[in-house]
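Visitor: using only what follows, build the 3D model:
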Amino acid sequence: VSVFLFGAAYTKFCRSCQAGQVVAISNPKLLPARDEDSGRSDTSISLSVHDPSQVVHVAKARDYGICKASVRGKQPDGTWKSNGATCKKYVDTRVSEYCEVHRKQGKNSSHLSNCSQMRGVGEVRGN
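Guide: Predicted coordinates for the structure are as follows:
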């Protein structure tokens, strides 16, 4: 669901509404669906709000978090090295502290290190 703020609602909430907040929206207007001729099958719902009284801050989401993985960049010599930044993807902390991409990378890297230890060599060689 996408919520678009206009007019006084935008002015009041554009800086105070942040990711991870739970809000209640009363009597929003349903925005028309995207043009089907564009070739996209978009099934999302979009709402518009113009009056600040239509938005009420309820709470902060308990299970909202941001991925704790560090981001790596490819170096000129072809190696990968952490650049000090962290991933910015949202996560459901009930599932994991890491996003799906980094969970998969963790499984793959642990699998590769296990394979190299089993073979007794420093690197995994493909066929």
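
Visitor: can you tell me the closest non-neighbouring residue to residue 28?
Guide: residue 47 (3.8 Å; Cβ to Cβ, 6 or more residues apart in numbering). C-beta coordinates here come from the backbone N, C-alpha and C atoms, glycine included.

Visitor: contact partners for that neighbour?
Guide: Listed by Cβ atoms under 8 Å, 6 or more residues apart in numbering, the contact set of residue 47 reads 1-4, 25, 28-31.

Visitor: so it bridges to which residues?
Guide: Beta-bridge partners for residue 47, by DSSP bridges, are residue 3, residue 30.

Visitor: for the chain, give me the ranges with low pLDDT.
Guide: 35-42, 108-127 (pLDDT under 70).

Visitor: ok, residue 70 touching residue 86?
Guide: Yes - in terms of Cβ atoms under 8 Å, residue 70 counts as a neighbour of residue 86; the distance is 5.7 Å.

Visitor: put the buried members of the contacts of residue 47 into a PyMOL selection.
Guide: Entered in PyMOL, the line below selects the buried ones among the contacts of residue 47, by 16 or more other Cβ atoms under 10 Å:
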select buried, resi 3+28
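
Visitor: would a markdown table of the contacts of residue 47 with distance to residue 78 be doable?
Guide: Output for these, formatted as a markdown table (distance: Cβ to Cβ, whole Å):
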| residue | distance to residue 78 |
| --- | --- |
| 1 | 43 |
| 2 | 41 |
| 3 | 44 |
| 4 | 44 |
| 25 | 50 |
| 28 | 51 |
| 29 | 53 |
| 30 | 51 |
| 31 | 47 |
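
Visitor: and of the contacts of residue 47, the nearest to residue 107?
Guide: residue 1 (31.3 Å; Cβ to Cβ).
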